[in-house]
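J.: Give the three-dimensional model of this entry:
(one chain, ligands or ions: 1)
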Amino acid sequence: MLQTTPQTMGQQFGRRSWAEPWKIKMVEPLRVITRADRERALQDAGYNTFLLKSDDVYIDLLTDSGTNAMSDRQWAGMMLGDEAYAGSRNFYHLEAAMQKYYGYKYLVPTHQGRGAEHLLSQAAIKPGQFVCGNMYFTTTRLHQELAGGTFTDVIIDEAHDPASTHPFKGNVDLNKVQKLIDAVGASKIAYISLAVTVNMAGGQPVSMENARALRALCNQHGIKIFLDATRAMENAYFIQEREAGYQDKSLAEILREFCSYSDGATMSAKKDSLANIGGWLALNDYDLFEEASNLVVVYEGLHTYGGMAGRDMEALAIGIEESAQDDHMRARIGQVRYLGELLTDWGIPIVQPIGGHAIFLDARAFYPHISQDEFPAQTLAAELYLDSGIRSMERGIVSAGRNAKTGDHNRPKLELTRLTIPRRVYTQAHMDVVAEAVKAVYDHRETTRGLKMVFEPKYLRFFQARFERL
Ligand code: F0G
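T.: Prediction:
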């Protein structure tokens, strides 16, 4: 068993500096291709970083999803995979870890987060109902819409302002929920989809107080709350750091309390849980669990593997436990903050406060001369790759897709380029290199031109859309 250290290692020595609570046992060489080759690779990829080959990338900050470095204990767990079709022992380990750390009763494993979103949306949304969420997430909203639901954003206004320094910018505005209840009636609201942290807002947390108040409001009206718990452990760290009364509580205790205000959760285990693949849906209601267990065999796999190999479930069960270590989380969020503070010191516009999993560059502020319809954040991701082979991702108008009814672009207030930090993968020196690259692109911002979209897929267009330079 891992030891939970009450203090982080730096604190034990009584000094200010701290370091990662691990050392490196295996390395993977990196390579940088020439600028001419990067120009060609970018053109071949239609100026979309999702279409680049990984071999052509130097530092890969596309996503923190499935890109984690596993520990020696997790790799050892991989050798203990019980690849039985039914009743794998690794499933029971995973179920026990979920119950211990997240506290829900029933587990439905899925291949990744969107598998869980699909099952929950199909089981809990009736066509014509509304689903409230603290800002949309791409796959989550699409599954809600495909089930016949209408997404309504109920996040506080501060979340849409990159400069607002609200400490819990992911919070739900209870007045917005109340207004929707008054307008359509509680029975027309399928559930509240509460994401922690809020990816599209910049990895921003939700406070315990807000979750508690939302629970009270929903109890009055018989509305269910489902968490998107993808980065709930990172959320717990912000509560420990910022919310009165939680400084002396462990992340594990904070997470348990937070989850207790919800009726279940969807999980992309490729993030917080330090695994490379996996996900789950957790529920407290038996009838809903029964429905989801029936659907899982149609879309994912048997209800004791849900699309994961036994070895993946074992690595995930161990990853859940490791993710709850306070030392781990301090190093994880500390590294993101290190990069963000460097950029802030250099006057580069990023979303404040610095969030949990990524730095979000404010592409509108980089390129005020590029209109949103010329894709400033997509442009910035392309420029960064061209400058240094660093891969980032668009989180603006391309990601927001089109309005399901009118077919016009959704035009989000936030037009961001995300530098997502994989867990336990890169060093502080890599962060220095990234900061210098961003600075170089910022220094050339005035001569940069936008893009036009030349191919647009029907669903989740940001993954496969193609662009050309204007
Ligand atoms: N919810 C959140 C908040 C996410 O960030 C993601 C994935 C999902 C659900 C879907 O999970 O990918 O396992 O199917 N986010 C990745 C990202 C893709 O790069 O932000 P999935």
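
J.: give me every residue that touches the spatially most central residue of the chain.
T.: Centrality entry for the chain: nearest residue to the mean C-alpha point is residue 199, 4.8 Å, by Cα atoms, centre = their mean. Contacts here follow Cβ atoms under 8 Å, 6 or more residues apart in numbering; on that basis residue 199 touches 137, 230, 231, 357. Glycine gets a C-beta too; all of them are placed from N, C-alpha and C.

J.: if we go to 7 Å?
T.: residue 137 (Cβ atoms under 7 Å, 6 or more residues apart in numbering).

J.: Can you list phi and psi of it for me?
T.: Phi and psi for residue 199, reported as degrees, to the nearest 10, are phi -60, psi -60.

J.: Start at 17, not 1
T.: Understood, numbering begins at 17; the last thing we discussed is residue 215.

J.: roughly how far apart are it and the ligand?
T.: 4 Å (Cβ to the nearest ligand atom, to the nearest Å).

J.: So for that residue, what's the pLDDT?
T.: Residue 215 is assigned 96 on the pLDDT scale.

J.: can you give me the strands for the stretch 67-216 of the chain?
T.: Along the stretch 67-216 of the chain, counting by DSSP state E, counting those that start in this stretch, strands occupy 75-76, 122-126, 146-149, 166-169, 205-211.

J.: heading toward the C-terminus, what's the first helix or strand past the strand or helix carrying residue 450?
T.: For residue 450, the enclosing helix or strand under DSSP states H and E is helix 444-459. From helix 444-459 onward toward the C-terminus, using DSSP H and E, the following helix or strand is strand 467-471.

J.: Can you name the residues in contact with that following strand?
T.: 62, 63, 390, 391, 394, 395, 481, 482, 483, 484, 485, 486.

J.: ok, the residue in the stretch 17-166 of the chain positioned nearest to the ligand - contacts?
T.: Going by Cβ to the nearest ligand atom, the ligand is nearest to residue 129 of the stretch 17-166 of the chain, at 2.4 Å. By Cβ under 7 Å, 6+ apart, residue 129 lies in contact with 155, 246, 282, 283, 284, 295.

J.: Quick check: closest non-adjacent residue to residue 245.
T.: Distances taken as Cβ to Cβ, 6 or more residues apart in numbering put residue 281 closest to residue 245, at 4.0 Å, once the chain neighbours are dropped.

J.: can I assume the one you found is in contact with residue 241?
T.: No - with contact defined as Cβ atoms under 7 Å, residue 281 does not reach residue 241; the gap is 9.5 Å.

J.: For residue 347, list the residues it contacts.
T.: Here residue 347 is in contact with 36, 37 (criterion: Cβ under 7 Å, 6+ apart).

J.: switch to 8 Å and redo it
T.: With contact taken as Cβ under 8 Å, 6+ apart, residue 347 is in contact with 34, 35, 36, 37.

J.: and the third one, how many neighbours?
T.: I take that to be residue 36. Around residue 36 there are 17 other residues, counting by other Cβ atoms under 10 Å.

J.: thought it was touching residue 440?
T.: Yes - if you go by Cβ atoms under 8 Å, residue 36 and residue 440 touch, sitting 7.4 Å apart.

J.: quick one: stretch 136-152 near the ligand?
T.: No - against the ligand, stretch 136-152 shows no contacts by Cβ under 6 Å from any ligand atom, the least distance being 9.6 Å.

J.: Can you name the residues that contact the nearest residue to residue 305 once chain neighbours are set aside?
T.: Using Cβ to Cβ, 6+ apart and skipping residues adjacent in sequence, the residue nearest residue 305 is residue 122, 4.1 Å away. By Cβ under 8 Å, 6+ apart, the contact list for residue 122 reads 298, 299, 300, 302, 305.

J.: now for these, which pair is the farthest apart?
T.: Spatial extent of those (Cβ to Cβ) is set by the pair 298 and 302 at 12.7 Å.

J.: ok, the two, which is more surrounded?
T.: Each of residue 298 and residue 302 had its neighbours counted (other Cβ under 10 Å), and the higher figure belongs to residue 298 (28 against 10).

J.: burial of residue 62, as a residue count?
T.: Neighbour tally, residue 62, other Cβ under 10 Å: 19.

J.: Doesn't it lie inside a helix?
T.: No - according to DSSP: H, G, I helix; E, B strand; the rest coil, residue 62 belongs to no helix; its state is coil.

J.: Not counting sequence-adjacent ones, nearest residue to it?
T.: Closest residue to residue 62 apart from its sequence neighbours, by Cβ to Cβ, 6+ apart: residue 482 at 2.9 Å.

J.: Who are the contact partners of that neighbour?
T.: Counted by Cβ under 8 Å, 6+ apart, residue 482 has contacts 62, 63, 64, 67, 469, 470, 471.

J.: Surely the third one and residue 394 touch.
T.: Yes - between residue 64 and residue 394 a contact is recorded at 7.4 Å, counting by Cβ under 8 Å.
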